[in-house]
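In: 3D, please:
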Amino acid sequence: MKIKTGDKVRVLAGKDKSKEGKVLQVFPMLERVVVENVNLLTKHLKRRGTTAGQTIKFPSPIHVSNVRIVSGKSGKSGRIGFAFVTKDEGKMKVRVIRSKGASEQIE
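Out: Numbers count the residues shown, from 1 in each chain. From the prediction side, this is the model:
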């Protein structure tokens, strides 16, 4: 899976289409990601003893095919690829955003 925790992504489908947020959790075996403030579910907790009942909102996982990574610099979104960059010590593999005409490195 090419999307990592901490990446900024844009939702492509569903009730939260076009929302952006940071990836909080990644589930590679299930191919799902949890994005902050996206796909919020509400859970009603019953009163127990002296604690009052309450409502909790929490983000639920969405499929990785419904999100696309967004660049922090330009705000462009695209597919993720890999490139080798030469540094002092040698070659280093980095993730890049592949968009029409150019590739931009992900930080």
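
In: State the distance from the residue minimising distance to the centre of the chain to Ala52.
Out: With distances taken as Cα atoms, centre = their mean, the residue of the chain nearest its centroid is Val23 (3.5 Å). Distance of Val23 to Ala52, given as Cβ to Cβ, to the nearest Å: 33 Å. Placement of C-beta: from N, CA and C, glycine included.

In: now swap in Gln105 and tell me
Out: Gln105 sits 50 Å away from Ala52, going by Cβ to Cβ.

In: So for the two, which residue has more residues nearby?
Out: A direct count of neighbours by other Cβ atoms under 10 Å for Gln105 and Ala52 places Gln105 higher, at 12 against 7.

In: Surely the more buried one touches Arg95?
Out: Yes - if you go by Cβ atoms under 8 Å, Gln105 and Arg95 touch, sitting 7.4 Å apart.

In: who touches both of those two?
Out: Counting by Cβ atoms under 8 Å, 6 or more residues apart in numbering, Gln105 and Arg95 have no contacts in common.

In: gap between the residue nearest to the centre of the chain and Ser99?
Out: Relative to Ser99, and taking Cβ to Cβ, Val23 is found at 19 Å.
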